[in-house]
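Engineer: I'd like to go over a predicted model; first the sequence, then the structure.
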Amino acid sequence: MFLSEIAKLLGVAFTGSDPVITGVSTVEEAASTDITFLSNPHYTEKAKATKAGAIIVKQKLDINIPQIVVDNPSIAFAKVVRAVCPVKTHNPGISELAYKDPSADISATATVYPYAYVGKNARIEGGCVLYPGCFIGDDAIIREGTILYPNVAVYDKCEVGKNCIIHAGVVIGSDGFGFAWDGKQHLKIPQVGKVIIGDDVEIGSNCCIDRAALTSTRIGSDVKMDNLVQIGHNVTIGDHTIIVSQVGIAGSAHVGKHVILAGQAGVAGHITIGDGCVVGGKAGVAEDIEPGKVVSGYPTMDHKLWLRAQNAFKKLPDLLKRIRDIERRLEKIEKD
Amino acid sequence: MFLSEIAKLLGVAFTGSDPVITGVSTVEEAASTDITFLSNPHYTEKAKATKAGAIIVKQKLDINIPQIVVDNPSIAFAKVVRAVCPVKTHNPGISELAYKDPSADISATATVYPYAYVGKNARIEGGCVLYPGCFIGDDAIIREGTILYPNVAVYDKCEVGKNCIIHAGVVIGSDGFGFAWDGKQHLKIPQVGKVIIGDDVEIGSNCCIDRAALTSTRIGSDVKMDNLVQIGHNVTIGDHTIIVSQVGIAGSAHVGKHVILAGQAGVAGHITIGDGCVVGGKAGVAEDIEPGKVVSGYPTMDHKLWLRAQNAFKKLPDLLKRIRDIERRLEKIEKD
Amino acid sequence: MFLSEIAKLLGVAFTGSDPVITGVSTVEEAASTDITFLSNPHYTEKAKATKAGAIIVKQKLDINIPQIVVDNPSIAFAKVVRAVCPVKTHNPGISELAYKDPSADISATATVYPYAYVGKNARIEGGCVLYPGCFIGDDAIIREGTILYPNVAVYDKCEVGKNCIIHAGVVIGSDGFGFAWDGKQHLKIPQVGKVIIGDDVEIGSNCCIDRAALTSTRIGSDVKMDNLVQIGHNVTIGDHTIIVSQVGIAGSAHVGKHVILAGQAGVAGHITIGDGCVVGGKAGVAEDIEPGKVVSGYPTMDHKLWLRAQNAFKKLPDLLKRIRDIERRLEKIEKD
């Protein structure tokens, strides 16, 4: 691809030398036929030393390689990667080594790899890909264009929306964690609900999303979930929300739209987190949070307060000494 | 099912209108042919607004729909759900698409789905269900009535008790984490023990339970484990213990009976947690805990103390100022 | 095996009674034909009460069973376990129930179990074992002597080194978590890099290692990873590093050699942790750490400072009272 073609793709005017670009890379590792990008000004010095054949930037750098100037280099670069890197294609059809219940409805444009299993009355729509080892339970629905990587399990009745990407080992629809002590042992409260996942959702490897006790656990559209996330039964997640790795959300919590939950955060059951909130890494949300708040800590507090409190925390041993000293001096004064 | 039949099932006297009940639901989502329940008085107002055809309560509400009064609405409702919702049935037999080693012993009443693998001398007892992609290692035993959801791996020699429910992606019997530094690299300490799981245990999706180095990692009966829990080698867990999602228990820890470990808590190696303890969410247990204690924090302390300390923590920045102010005033007094 | 043979294996002089040893066990559970060991002096009393037929120790104990004295009982015992316990063997060959793309290159000495899938141009070298349900993507490489337990997924192009042990459910090469907000929704930044894993690496069950956005996520040689660990895209891990269960390492973090990350610790993105560092359990690393440091807490601080600060933390409620008392007394003095 000529660099001028890339500029055209991005809708940007372009003049000057027009090298052929065959790959994409980081500023550090790019070779002379690669294009790279600078998004974070923090890495400007590294970018100036790049050996790339071209670079996408927000502001023109004082260097001697062709530059494409755009408003948002990350987005522009993402588009270039899509254009330059071949997208994996699949041969539609159901492998002879896969299992399809006779009552299942699999689109002719879907690809079902060996050792995938599709249960009774399940529906796999057009363009879907089921990698080896995927399990689609009875009455489950996988909508158009969704990819399930190896060994994904979708329990009975659960629904996954359009154009989702579900990574390997994800479990959708396992039983919610509900028991009642009957005096002798824990009685299982049957979990007869399901999971409904919106469109354009990405779910990282080995995440677990439990089915509702009675109704539906709901994941909104354009939700992006990193690896090893836990979603309890009856949880609802609003559209566009970002959930970073190893977050756990307990049963019946409601997370709004455009929320960011940073890595290893936890949310207690029955909590409501308003739209646009940001919850810090390792935070423990134990009470409702109003829309737009930025919180950290466990229990959570305003993020800036938490930063100052954590800073003071380091001084605690010193503080203890100062208080002891104050008490001695006070005692002396009182004696006198 | 008539409501009177439900009352009979629960052993409760019943008079008045006797609607037909066809489903179960929450107070919010129930329709006129559903039955619902009120367990937590916190939701009384919501319950009063329900459109359900009947409700199970602990104390009669001032509303105009048929009510069934019981001591424990959660348990009563669980029983009703079991009665109303059809339980999934399986056709016993070994799928032609499954693999059974000739030496394996699989009961005629067990169901083995496609792509399940049963190794040498393994034993699958009556009524068991192995979903697609399950792996049962050599000499492993799965006792009567246990269900393994898709892609569960039970390593060689491990034993799972009766009537257990093991959710998708669970790994039972992977090697414990044991290495000795030999001056040049980490020497693997062979993990030649196994895992023994009691009866009526439920294990959530993608949990990992390591085999013992030499003897057995033991999970007691009626233990309930949520998703993504980590159990190290040689750990023992007492009967009836509840382990919430993303808890991690390090090697050789001993957790008593009737313990509750809340979400994302961690337990250090070789620790003993006494019977009946409650460990708070995100807590880090780094020393033994006496039976019956309720602890939180890292390292753990009495839960109430932790609550007060966390409350004080938020005031730390303010406290720092007050101490600086005190020191100034003191200095002034001392000068005078 | 005679005890004298074991002594010979360990290169240790040996005289006295020479029992036959048929098994290995812990000091508590050993029977009279077992050998056991004492590594941690903390357990000396238990060791003295052992019913083992022989014991490996660092310093001779005052007991009446044959003892083998060595410098490092753990390593010696590991060697004995390897000698006494039969190692599992596999019959090389590709199961008729496995899938091999015609273009894949599988060594004649590799073992491929039923329901494993090997993609286009993938290479499986000599002595490798692919348990049931493993997925090897196109162009992936598994080098000599590596074992993949059930349901491991290795995405396209990823490389696993020699003599690695990858436990069940591990995912290698799923997409890194990268998105750019385009004003309407999250645009996926294509993840076109790969994962490269060194030699002698062990990875615990259900770990997730994401592929790089453009280049490679790199795991050094002799790295040992416990269960449920998360490794983000573009992360690099140095040789010999130990990563305990449920640790999460965010994208582009660089972890040095010989580092220890204790359970449930988290590392933020783009952080560098120097060689030889020790990061405490549940710690949250939010800034670079110089080589050789021992840190704890979130944000991290010197481990000893953290211990003292945590100790002071418990006294916070009391401290608050003391400060209030001080202020009252001060006010009284100022009035006078």
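Structural biologist: The structure has been received and is ready for your questions. Numbering: from 1, shown residues only, chains lettered A, B, ... in the order given.
Engineer: from now on I want contacts and neighbour counts done on CA atoms only, so please keep to that.
Structural biologist: Fine.
Engineer: got the contact list for stretch A:294-313?
Structural biologist: A:277-287, A:293, B:310, B:313-317, B:320, C:298-299, C:309, C:313 (C-alpha atoms under 8 Å, 6 or more residues apart in numbering or on different chains).
Engineer: can you point out the buried residues in it?
Structural biologist: By 16 or more other C-alpha atoms under 10 Å in any protein chain shown, the buried positions in stretch A:294-313 come out as A:294-298, A:300-301, A:303, A:305-307, A:309-310, A:312-313.
Engineer: out of the contacts of stretch A:294-313, which are inside strands?
Structural biologist: A:278, A:279, A:284, A:285 (DSSP state E).
Engineer: most neighbours among those residues, which one?
Structural biologist: Within these, most neighbours by other C-alpha atoms under 10 Å in any protein chain shown means residue A:279, with 29 neighbours.
Engineer: tell me what it is bridged to.
Structural biologist: Bridge pairing for residue A:279 (DSSP bridges) gives the partners residue A:261, residue A:295.
Engineer: tell me the pLDDT at residue A:16?
Structural biologist: pLDDT for residue A:16: 83.
Engineer: excluding covalently adjacent residues, which one is nearest to it?
Structural biologist: Ranked by C-alpha to C-alpha, 6 or more residues apart in numbering or on different chains and with sequence neighbours excluded, the top spatial neighbour of residue A:16 is residue A:66, at 7.4 Å.
Engineer: now do the contacts for the one you found.
Structural biologist: Contacts of residue A:66 (C-alpha under 8 Å, 6+ apart): A:16, A:17, A:18, A:53, A:54, A:55.
Engineer: residue A:31 versus that one, what's the distance?
Structural biologist: Using C-alpha to C-alpha, to the nearest Å, residue A:66 is found at 14 Å from residue A:31.
Engineer: look up how far chain C lies from residue A:286.
Structural biologist: Noted for residue A:286: a distance of 19 Å to chain C, by C-alpha to the nearest C-alpha, to the nearest Å.
Engineer: my guess is that residue contacts residue A:268. True?
Structural biologist: Yes: using C-alpha atoms under 8 Å, residue A:286 is in contact with residue A:268, at 5.3 Å.
Engineer: and the two? Which one has more around it.
Structural biologist: Shown here are residue A:286 and residue A:268; by other C-alpha under 10 Å, residue A:268 has more neighbours (21 against 17).
Engineer: can you give me the pLDDT of the more buried one?
Structural biologist: Residue A:268 is given a pLDDT of 98.
Engineer: these two touch, right, it and residue A:253?
Structural biologist: Yes: counting by C-alpha under 8 Å, residue A:268 does reach residue A:253; the two are 7.0 Å apart.
Engineer: care to break chain A down by domain?
Structural biologist: The record's domain split for chain A, according to automatic domain parsing, is A:3-84, A:93-305, A:306-335.
Engineer: want to try JSON lines for those, with distance to residue B:152 as columns?
Structural biologist: Formatted as JSON lines, the domains of chain A follow (distance: least, C-alpha to C-alpha, whole Å):
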{"stretch": "domain A:3-84", "distance to residue B:152": "36"}
{"stretch": "domain A:93-305", "distance to residue B:152": "10"}
{"stretch": "domain A:306-335", "distance to residue B:152": "41"}
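Engineer: pick the most deeply packed of those.
Structural biologist: Compared across the domains of chain A, domain A:93-305 shows the largest average neighbour count, a mean of 24 (mean count of other C-alpha atoms under 10 Å in any protein chain shown).
Engineer: so residue A:277 touches residue A:259, yeah?
Structural biologist: Yes: Residue A:277 lies in contact with residue A:259 (C-alpha under 8 Å); the separation is 4.9 Å.
Engineer: residues contacting residue A:150?
Structural biologist: Going by C-alpha under 8 Å, 6+ apart, residue A:150 touches A:130, A:131, A:132, A:133, A:134, A:167, A:168, A:169, C:135, C:153.
Engineer: quick one: secondary structure of it?
Structural biologist: Secondary structure, DSSP: H, G, I helix; E, B strand; the rest coil: residue A:150 is coil.
Engineer: and if you look at residue A:83?
Structural biologist: From three-state DSSP, the assignment for residue A:83 is helix.
Engineer: how close does residue A:50 get to residue C:193?
Structural biologist: Going from residue A:50 to residue C:193 by C-alpha to C-alpha gives 19 Å.
Engineer: correct me, but residue A:163 touches residue A:142?
Structural biologist: No: look at residue A:163 against residue A:142 with C-alpha under 8 Å: they stay out of range, at 9.5 Å.
Engineer: I'd like the average pLDDT over the longest helix along chain A.
Structural biologist: As assigned by DSSP state H, the longest helix anywhere in chain A is helix A:316-335. Averaging pLDDT along helix A:316-335 gives 93.
Engineer: what does the stretch 201-336 of chain A put close to chain B?
Structural biologist: A:206, A:208, A:214-215, A:228, A:230, A:248, A:266, A:284, A:298-299, A:301, A:305-306, A:308-309, A:312-313, A:319, A:323, A:326, A:329-330, A:333 (C-alpha under 8 Å from any C-alpha of the partner chain).
Engineer: one more: the stretch 1-150 of chain A?
Structural biologist: Within reach of chain B by C-alpha under 8 Å from any C-alpha, the stretch 1-150 of chain A has these residues: A:99, A:115, A:117, A:133, A:135.
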